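1. Quick one: sequence and predicted model below, then my questions.
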Amino acid sequence: MGPNPTQGFLYNLKEAHFEAIHEQSTIDTVLPNSVRILPNSVRKVEVIDWVKFKDYLDKNFLKYTVKARLSYAKKYYAILVNDDAKELMNLSFDKRIHVMKALATLSKFLGCYDNWKKIVEKYQLKWSTNEYADGDSKGLETFHKIFNNNNFGKMIFQLKDACLKLGDNKYTNALIFCTLTGLRPAEACISLQLLKEKKYTSFLIEYKNIYFQNFLKK
């Protein structure tokens, strides 16, 4: 089942969805001296090559995910260096998850993913909310709320109300498209742009290529 329709434009996006767009860091950030205490099994680095890391991200993730991973990796990479994740305990659930994703990706790039897994185990870091058993995601909680607490009807009401206020068909059609497809905002924008601008001569081949490039990355 695809993402639930509430991921469209009907609700206010959380802070984590913007994923620290305003956080900036120089491309040549140098690791502290403590990096030299990393075990030999970890790739020896004195400077993280952020340019190559970004290239790695570009090949595996969508554009907005790349921004988030890079931003959080630059800000929190010291957690990998010092094996100290106490700082994560003070973050909100959503932000902590995004930082964990960034560090997991960075650790794979640096060749120290095993070290990251030890940190996760040491600090009992969870990828899901503490109120539920391991493996129950926050997304599943949202899904149940939509269909068990009449939130689906409320969502449709909000959609109709938003369409009436906007009035312009080009905007209302976009809202309806997002709701019916359940695409994330960025994915919906790409889809609408493709539908509007692209004319295919070899439709199936072009569709396959575009689908892979824009929607199969993480």
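-> Perfect, I can see it now. Keep in mind that what you see is a predicted model, and the values were worked out from it rather than measured.

2. In three-state terms, label residue 183 for me.
-> coil (DSSP: H, G, I helix; E, B strand; the rest coil).

3. Could you report the distance from it to residue 194?
-> From residue 183 across to residue 194, the span is 12 Å (C-beta to C-beta, to the nearest Å). C-betas here are computed from N, CA, C, even on glycine.

4. Give the residue spans of the chain that score low on pLDDT.
-> Applying pLDDT under 70 to the chain flags the ranges 1-46, 129-152, 198-218.

5. which secondary structure elements does the biggest helix by length in the chain contact?
-> In the chain, with assignment by DSSP state H, the single longest helix is helix 93-110. If you count contacts as 3 or more C-beta pairs under 8 Å, 6 or more residues apart in numbering; DSSP states H and E, helix 93-110 packs onto helix 15-18, helix 50-60, helix 63-76, helix 78-82, helix 113-122.

6. To residue 163, which of those helices lies closest?
-> helix 15-18 (22.6 Å; C-beta to C-beta).

7. Domains in the chain, by residue range?
-> Per automatic domain parsing, the domain ranges recorded for the chain read 15-122, 149-215.

8. before we move on, the earlier item: who touches both of residue 183 and residue 194?
-> By C-beta atoms under 8 Å, 6 or more residues apart in numbering, residue 183 and residue 194 have no common neighbours.

9. Which of these two has more residues huddled nearby?
-> Each of residue 183 and residue 194 has its neighbours counted (other C-beta atoms under 10 Å); residue 183 has more, 21 against 15.
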